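S.K.: I would like to see how this sequence folds:
(chains A and B)
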Amino acid sequence: EPLGLGREALPEEVAAWNTDIRPDGQGLPEGSGSVLQGEEVFADQCAVCHGDFAEGVDRWPVLAGGHGTLKSRNPVKTIGSYWPYLSTAYDYIERAMPFGNARSLSSDEIYGIVAYLLYMNDLVDDEFVLSKENFTEIHLPNEANFVADDRPDTPTMAQAEPCMTNCKESVEITARAQVIDVTPEDAGIPEGGEDAAEGGYDQAAAETADPESAAESATGDDQVASAAPALDAGLVEEGQGIFKKKCGSCHSADEGKHKIGPSLHAVYGQTAASVDGFTKYSKDMKSAELMWDAETLDQFLTKPKSLVKRTRMSFVGLKKDGDRAAVIEYLKSLTPTN
Amino acid sequence: TPAPEITEVQEWNQFLGDGVAARPYGMPSQFEKHVVRRDVEWLTASRESSVNFTPLHDLDGIITPNGLCFERHHGGIAEIPPEKHRLMINGLVDRELVFTMDDLKRFPRVNRIFFLECAANSGMEWRGAQLNGCQFTHGMVHCVQYTGVLLKTVLEECGVKTNAKWLMPEGADASGMNRSVPLEKALDDCMLAFSMNGEALRPEQGYPLRLVVPGWEGNMWVKWLRRIEVGDQPWHTREETSKYTDLLENGKSRRFTWVMDAKSVVTNPSPQAPLRFKGPNVLSGLAWSGRGAIKRVDVTLDGGKNWVTADIQGPVLPKSLTRFYVNFEWDGKPLLIQSRAIDDTGYVQPTKNELRAARGTNSIYHNNGIQTWHVRENGEVENVEVS
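M.R.: Numbers count the residues shown, from 1 in each chain, chains lettered A, B, ... in the order given. Modelled structure (predicted):
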């Protein structure tokens, strides 16, 4: 007996959310996109992380290649070498990509991107057009290589008791973590010995998330100290916090340190697309003829694409005036005074 | 000589402390600041699609405090005003319905304690001993009491059609997390949870609503749950094809590897919790199984030559963390510590060598192998593997 809680979903509401795609094609929207159209969208929206050839930049996922590597010591798992179904690509791109600006691509654009990915995986030729109509004709090479879960697959000794005494002749250490030494510095490992718990632990180290953000605070503080009196120190600090949270994934405030985006060490007062050593500016950014001041930054940070139409910066924007003002004040504080 | 801590009057004996208005939401003692989640930066390309780890070595009992539950996000934490959140159930149902949080809190309610473990927990340890601390080797696990509604109850409100076989839960976060869940499991013990350990879900654990899939891999417990589609076939989403599938040595991959096998780890001593005293010591650890309850835990101090059965302390609940202790005398000599869990299906936790023999070294997920800690004469502890 239903309790009568909730209400009927309206067709428009179901349509708004029910956009998932199944391998049998259920859910595919009307639309199409060619490899060449896809290549253009990919270059603008995807390549900054996935590489112009879908080869993956830094640690971002590689999307093409890896054929025949699954049994090797270091398998490369891509759409072409590993994924069982093409529908997964459409479904995932639609709900989650670009990273930082999900649900911003049109159906035609997604068909195009998927067509381009098929091409980069040598599965179609460069004239190929992907559409709702031919989508389910495409089968990926690894489709048949998935098997059902047949665990337990190790001795479970359900009938017999595990050994309790004199189980081995000898024991040798065969591997050691300290040799590899990849544990974070601030792992909370006390100095050791009897004094371990008593102040041997460095609380300051624990509070610093990582050496990089420690360096960033160092930069900010130095600049605040020597900056022109016109800067609001409280606002700068607030902006630094927002910067770390919302910008830090892709930008560093350290000079010369480029991540997905350019170093913003001296961006305030600079011409757009002019940071030394950063090569991944979009065409639109390079031809924007913009100077970064409080006004242009404010507009850009509200919604990047409103100022630079096809910027690669996949960022939804800082909606709150106060947030933007704080970040701009922080960026101002970084620029070396003349 | 008499200890000054006793013979001298201390600050706290003398002066008043904070009053009752000073801490509206209480936090741990300032002297416990080292008890925090930690992450390993080099693991991922960004921190928004990444993980941090529960400080197992610093905790006791079976309940993980809310602020220390490990986080795993694929698109960062969604901050959702509860009055704006909706749960939609659509697809093969008699009535496609939309619920508010208020609606969900008016259904009959249940409380259950369950562990949640990421399938990639211990994933970095497949090839050898790598990270030096049980927080990092085993910290993608937590255990809290969930309060919510049985998924079955809400599905019955909608009326599930007879040809329905699968559900697709979907999150409202920036990754739009989606997975396929077989209807049988959904109707068995799955929950729609809105509280953890008595208070509302934390944002990082899916506030205001998450799915609970007892004993199964953490990724399926979709956070910021906004929709469940009812269908007749699985969707083969990205997180059950590209990811969370287990590549075997022969090049084939297991998919739909849902259940978390029985596992245990000694949390103390461990690299972040060295031995400091000779004489009586308490060895402490955790065991859990996605197939049911823990029946027994054995512990060895000599690398597997001889074992004793540990003392299980506190409630033993199915698909929940279980706490065990071994009281031992330390003579200052080196130790090789291991624990092995046995669950009530008779499953025995395997060694890492047994796992590698069965799967190779590239399956990434479901590493439930026995963990070895090497205690040195100075009390320091290291993550090692043994023959």
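S.K.: and A:Thr165, how many neighbours?
M.R.: Number of residues near A:Thr165 (other Cβ atoms under 10 Å in any protein chain shown) recorded here: 8. In short, each C-beta sits where N, CA and C put it, glycine included.
S.K.: in space, what's closest to it - neighbours in sequence excluded?
M.R.: Among residues not flanking A:Thr165 along the chain, B:Asn306 sits closest, at 5.4 Å (Cβ to Cβ, 6 or more residues apart in numbering or on different chains).
S.K.: can you tell me the closest non-neighbouring residue to the residue in the stretch 201-338 of chain A positioned nearest to chain B?
M.R.: Relative to chain B, the nearest point of the stretch 201-338 of chain A is A:Ser249 (4.7 Å; Cβ to the nearest Cβ). Excluding the flanking residues, the one nearest A:Ser249 by Cβ to Cβ, 6+ apart is B:Ser46, at 4.7 Å.
S.K.: who's in contact with the residue of the stretch 201-338 of chain A closest to chain B?
M.R.: When contacts are counted by Cβ atoms under 8 Å, 6 or more residues apart in numbering or on different chains, A:Ser249 touches A:Gly100, A:Lys259, A:Ile260, B:Ser46, B:Arg47, B:Glu48.
S.K.: same check on B:Ala310?
M.R.: When contacts are counted by Cβ under 8 Å, 6+ apart, B:Ala310 is found next to B:Leu283, B:Gly285, B:Val297, B:Asp298, B:Val299, B:Phe324, B:Tyr325, B:Val326, B:Ser339.
S.K.: in helices only, show me the contacts of A:Ser249.
M.R.: Among the contacts of A:Ser249, DSSP state H puts none in helices.
S.K.: could you identify the buried members of the residues you listed?
M.R.: A:Gly100, A:Lys259, A:Ile260, B:Ser46, B:Arg47, B:Glu48 (16 or more other Cβ atoms under 10 Å in any protein chain shown).
S.K.: what's the fifth one sitting at in phi/psi?
M.R.: The one in question is B:Arg47. phi -90, psi -10 (degrees, to the nearest 10).
S.K.: how near is it to B:Asp94?
M.R.: Distance from B:Arg47 to B:Asp94, counting by Cβ to Cβ, to the nearest Å: 43 Å.
S.K.: pretty sure the residue nearest to A:Ser249 sits against A:Pro61.
M.R.: No - in this structure, B:Ser46 is not within contact of A:Pro61 by Cβ atoms under 8 Å, at 11.4 Å.
S.K.: that older thread, residue contacts, the residue nearest to A:Thr165?
M.R.: Listed by Cβ under 8 Å, 6+ apart, the contact partners of B:Asn306 are A:Met164, A:Thr165, A:Asn166, A:Cys167, B:Thr300.
S.K.: one more time with 7 Å, if that's ok
M.R.: For B:Asn306, the contact set (Cβ atoms under 7 Å, 6 or more residues apart in numbering or on different chains) comprises A:Thr165, A:Asn166, B:Thr300.
S.K.: quick check, nearest of those to A:Lys283?
M.R.: Closest approach to A:Lys283 among the contacts of B:Asn306 (Cβ to Cβ): B:Thr300, at 63.7 Å.
S.K.: quick check: bridge partners of the residue nearest the centre of chain B?
M.R.: For chain B, B:Val141 is the residue whose C-alpha lies nearest the centre (Cα atoms, centre = their mean; 1.9 Å). Beta-bridge pairing of B:Val141 under DSSP bridges involves B:Glu117.
S.K.: confidence score at it?
M.R.: Note on B:Val141: pLDDT of 98.
S.K.: so who does it touch?
M.R.: B:Val141 touches B:Thr54, B:Phe115, B:Leu116, B:Glu117, B:Asn121, counting by Cβ under 7 Å, 6+ apart.
S.K.: contacts only, for the residue nearest the centre of chain A.
M.R.: Centroid-nearest residue in chain A, with Cα atoms, centre = their mean: A:Phe99, separated by 5.2 Å. Residues counted as contacts of A:Phe99 (Cβ under 7 Å, 6+ apart) are A:Cys49, A:Ser314.
S.K.: let's go with 8 Å and repeat that
M.R.: By Cβ under 8 Å, 6+ apart, A:Phe99 lies in contact with A:Cys49, A:Ser314, B:Ser46, B:Glu48, B:Ser49, B:Gly75.
S.K.: surely the last one and B:Glu48 touch.
M.R.: Yes - at 6.2 Å, B:Gly75 counts as touching B:Glu48 under the criterion of Cβ under 8 Å.
S.K.: now the strands for the stretch 101-250 of chain A?
M.R.: Taking DSSP state E, counting those that start in this stretch as the criterion, the stretch 101-250 of chain A carries its strands at A:129-131, A:146-147, A:173-176.
S.K.: low pLDDT regions in the stretch 101-250 of chain B?
M.R.: Residue ranges of the stretch 101-250 of chain B with pLDDT under 70: none are present.
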